[in-house]
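Q: here's a sequence, model it:
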Amino acid sequence: MSSNKKGIMARIKDFFVDSKTELKKIVWPTQRTVWKNTGIVMVMIFIMGVFVAALDAGFLKLLSMVMTVSSGK
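A: Sure thing, here's the model as predicted:
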């Protein structure tokens, strides 16, 4: 092994030191921003749920109409 390579333990230590340094650079959102974004996500989930439920009901109605026509009733 060449003399300019670090050992595995030194590389692991460097990894954690560098990770800690990078974590200090992060600009964390405020609690108000987190709650605001959480509210937006919850509203969008509700809207998409209603949309998917409406599509499901529509396709179910369409399928029942097709099945009724195909059975000749």
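Q: which residues in the protein form helices?
A: Using DSSP state H, the helices of the chain run over 8-25, 31-71.
Q: OK, contacts around the spatially most central residue of the chain?
A: Centroid-nearest residue in the chain: V41, 10.5 Å away (criterion: Cα atoms, centre = their mean). Under the criterion of Cβ atoms under 8 Å, 6 or more residues apart in numbering, V41 has no neighbours. For glycine as for every other residue, the C-beta is placed from the backbone atoms N, C-alpha and C.
Q: from V34, how far out is it?
A: Distance of V41 to V34, computed by Cβ to Cβ, to the nearest Å: 11 Å.
Q: ramachandran angles for T30?
A: Main-chain dihedrals, T30, degrees, to the nearest 10: phi -80, psi 170.
Q: where in the protein is pLDDT low?
A: 1-4, 72-73 (pLDDT under 70).
Q: mind doing that once more with 90?
A: By pLDDT under 90, the low-scoring segments of the chain are 1-6, 67-73.
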